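Engineer: Got a sequence here, can you build the structure:
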Amino acid sequence: MNINHFENDINKTIVDRGYSYYIEGYILEVYEKADNEYIFLIEGSDDYEVVVQLGDDGEILYSECDCPYDFGPVCKHEVAAYFQLFEMVNHVTTTKNDTNMTNKRTTIHEVLSNLSKEELIHIIINCANHDATFEKSLIVKYSNGYPQQELAICQELIHSIVRKYTGREGFIKYRDTGAFVREMEDVIDKARNTENVLVALDITLLLLEEAIAAFQYADDSSGDIGYLVRETLELLAEMVTSRVGLDHQSAEIFEKLLAQTDNEVFEGWLDYKIDLLTICFGFADDERHREQLKNKIESMIDNKSRERYTYYNNESMLQLLFQLIVQYGSQDEADQFIHEHLQFSSFREQLLNKYLQEKNYHKVIEVAKEGETQDQQYPGLLSKWKKFRYAAYTFLALKEEQQVLAKELLLAGDFEYYRDLKELAKENQDVSSFYRSIKNELKTEKGWHTNRIFLKLIEEENDLEEMLDFVENNPSYIEDYAEKLVKVFKEEVIEIYKKYIHSIASISSNRRAYQGVCHKITRYKKIAGKPQQVELINELIGLYKKRPAFIDELGKIKSL
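Structural biologist: From the prediction side, this is the model:
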């Protein structure tokens with residue numbers, strides 16, 4: 001994205017809002033932090049800081065705003081900054097009063113470079129006295145004490161950061177979560193730069209425990225906490241990759257990691273526990289470690305509980321055991337393991353894919369049917385097994401079986417099989433009678449997915465008469481089908497649209513709802529024309545004289 005034509009790459013609504021901020025003087029200050037790097041202070045519901053870095057050719061290399069907007073890559077504050085920046089780099093004059101807004105900011109480096117060592121120490125100590133977290137962060141970064149001392153210092157820093165951001169409320173708000181994570185990353189840096197691998201491992205495990213716990217006391221809408229957990233797990237994986245089998249500490253590292261999987265913090269976070277167990281696979285080439293890992297995984301399988309979460313947990317643990325067999329066992333052992341656990345969908349799917357690759361289509365049909373019988377109460381799995389069976393029928397050219405199954409899948413909600421079914425039906429009946437048959441069957445069936453498939457069907461065949469009939473019985477769909485229908489059924493569409501708007505207006509009781517009605521009236525104008533729109537507005541004004549807010553909103557669109 002380039003500063004000279006950024007408008008082309010951003011949502012028009014955001015561009016318009018950003019331009020309003022720019023032209024109305026919401027940019028309070030602009031500083032050039034360094035060459036081609038600018039900081040903007042922009043007024044909004046709060047004062048927000050925008051940072052923009054430009055390349056020599058005007059390319060926007062980096063852009064960030066600290067506002068909570070998360071519905072797109074660029075917010076209105078950034079757009080306002082872009083307009084101002086375009087003016088600055090191209091020396092464009094505008095009608096705004098703040099023509100000399102930009103100043104060269106004196107950098108902290110320039111100020112500190114002129115101070116003596118004693119003055120710098122005094123400044124740092126003074127800052128540390130006023131910020132306990134800052135003090136602990138400095139000690140963590142630059143200390144080099146005994147192993148236990150280093151671990152204790154890191155633990156103190158972690159607790160200090162948590163206290164700083166949770167405060168009295170005991171919760172970290174959305175806008176503070178990013179800063180919380182950035183300070184926690186100081187602990188990652190400490191672990192990465194600690195030469196003693198066991199100390200580095202303990203520090204990383206401390207951080208992992210706190211990062212997962214943070215899901216309970218922080219708003220992670222931005223995904224920052226999840227990022228911290230993943231970053232910590234990646235560091236553990238790096239440690240294993242770089243150390244396994246290279247020194248006498250490998251066994252101790254493995255045992256520490258394996259023991260951590262029992263930590264209560266992982267309750268409810270199965271995926272992270274699996275990640276940690278997978279990291280332990282790095283030691284599995286040692287038979288003793290492999291046996292320990294196998295025993296640990298088996299101990300996590302609960303064969304008594306019937307809960308769905310337990311089922312998912314068991315399946316995940318069995319998949320880990322299967323991976324151990326694949327890596328260190330024989331093909332016969334792997335095949336036997338799959339057959340022993342076909343009650344779990346992932347193993348049945350693996351076996352079906354294996355038979356498909358081997359072109360053993362009769363086995364595909366057999367195993368798929370068994371799955372259908374087993375998983376009748378789970379529509380998603382039932383559909384999956386039927387699709388495998390359908391694929392086998394296709395390869396075997398069993399057209400009658402294909403036709404029956406394609407119809408089952410279609411009526412169950414998989415519209416993708418309609419075209420196949422249509423082609424298969426051509427051999428026994430004409431296309432028009434086939435379409436009528438399917439359509440009538442769907443009309444008599446009840447259920448939300450049947451309704452959805454019916455609509456897709458009439459859209460696929462462009463059946464305008466059926467669309468009109470459907471809309472007459474379901475007026476709320478008029479906005480979806482008006483443009484298709486108006487060319488053939490203009491009068492009917494206008495009448496249905498008009499009645500629909502009247503019905504919505506009758507149940508509206510606040511300004512937000514009135515604005516929604518007015519949006520519908522604006523869309524109605526595209527179908528019916530301006531005179532019809534004005535007539536409808538006048539009818540509503542006459543009906544709702546006692547709703548001044550509604551009259552006000554209607555007046556706004558009437559004058560457009």
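
Engineer: what's the spacing between Q327 and E234?
Structural biologist: With distances taken as Cβ to Cβ, to the nearest Å, Q327 is found 21 Å from E234. Every C-beta, even on glycine, is put in place using the N, C-alpha and C of the backbone.

Engineer: go on, K190?
Structural biologist: Summarising the geometry, the distance separating K190 from E234, computed by Cβ to Cβ, is 16 Å.

Engineer: which residues touch stretch 231-249?
Structural biologist: In this structure, residues lying in contact with stretch 231-249 by Cβ atoms under 8 Å, 6 or more residues apart in numbering are 185, 188, 191-192, 197-198, 200-201, 204-205, 207-208, 211, 250, 253, 257, 272, 275-276, 279-280, 282-283, 285-286.

Engineer: Please name the residues that touch N2.
Structural biologist: By Cβ under 8 Å, 6+ apart, the residues touching N2 are 57-60.

Engineer: Please convert those to CSV, extending it with secondary structure, neighbour count and distance to T133.
Structural biologist: Compiled in CSV, the contacts of N2 are given as follows (DSSP: H, G, I helix; E, B strand; the rest coil; neighbours: other Cβ atoms under 10 Å; distance: Cβ to Cβ, whole Å):
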residue, secondary structure, neighbour count, distance to T133
D57, coil, 8, 41
G58, coil, 17, 40
E59, strand, 12, 37
I60, strand, 18, 33
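
Engineer: Present these as JSON lines; the columns should include pLDDT.
Structural biologist: As requested, the contacts of N2 are exported to JSON lines (pLDDT from 0 to 100):
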{"residue": "D57", "pLDDT": "88"}
{"residue": "G58", "pLDDT": "90"}
{"residue": "E59", "pLDDT": "93"}
{"residue": "I60", "pLDDT": "93"}
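
Engineer: tell me the phi and psi of the spatially most central residue of the chain?
Structural biologist: Taking Cα atoms, centre = their mean, the centroid of the chain lies closest to G223, which sits 8.7 Å from it. With angles defined as degrees, to the nearest 10, G223 sits at phi 80, psi 10.

Engineer: Separate out the buried members of the contacts of stretch 231-249.
Structural biologist: Listed as buried from those are 188, 191, 197-198, 200-201, 204-205, 207-208, 211, 250, 253, 257, 272, 275-276, 279-280, 282-283; burial here means 16 or more other Cβ atoms under 10 Å.

Engineer: circling back: neighbour count: K190 and E234, which is higher?
Structural biologist: Between K190 and E234, counting by other Cβ atoms under 10 Å, K190 is the more crowded of the two (23 against 13).

Engineer: per-residue pLDDT, D66?
Structural biologist: On the pLDDT scale, D66 is placed at 86.

Engineer: if I look at it, how far off is H77?
Structural biologist: Following Cβ to Cβ, the distance that separates D66 from H77 is 9 Å.

Engineer: any shared contact partners between those two?
Structural biologist: With contacts defined as Cβ under 8 Å, 6+ apart, the residues shared by D66 and H77 are Y48.

Engineer: So these two - more neighbours on which side?
Structural biologist: A direct count of neighbours by other Cβ under 10 Å for D66 and H77 places H77 higher, at 28 against 16.

Engineer: can you give me the helices for the stretch 251-400 of the chain?
Structural biologist: Counting by DSSP state H, counting those that start in this stretch, residue ranges of the helices within the stretch 251-400 of the chain are 270-280, 287-299, 308-328, 331-340, 345-357, 361-374, 379-395, 399-411.

Engineer: got these as a markdown table, with distance to A132 and mean pLDDT columns?
Structural biologist: As requested, the helices of the stretch 251-400 of the chain are exported to a markdown table (distance: least, Cβ to Cβ, whole Å; pLDDT from 0 to 100):
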| stretch | distance to A132 | mean pLDDT |
| --- | --- | --- |
| helix 270-280 | 30 | 95 |
| helix 287-299 | 39 | 95 |
| helix 308-328 | 41 | 93 |
| helix 331-340 | 54 | 96 |
| helix 345-357 | 49 | 97 |
| helix 361-374 | 59 | 97 |
| helix 379-395 | 52 | 96 |
| helix 399-411 | 63 | 94 |
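
Engineer: now the ones you listed in TSV, with distance to V89?
Structural biologist: As requested, these are exported to TSV (distance: least, Cβ to Cβ, whole Å):
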stretch	distance to V89
helix 270-280	46
helix 287-299	59
helix 308-328	54
helix 331-340	62
helix 345-357	55
helix 361-374	63
helix 379-395	54
helix 399-411	58
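
Engineer: Please name whichever of these is nearest to E32.
Structural biologist: Smallest distance to E32 across those (Cβ to Cβ): 43.4 Å, for helix 270-280.

Engineer: Report the secondary structure state of K141.
Structural biologist: helix (DSSP: H, G, I helix; E, B strand; the rest coil).
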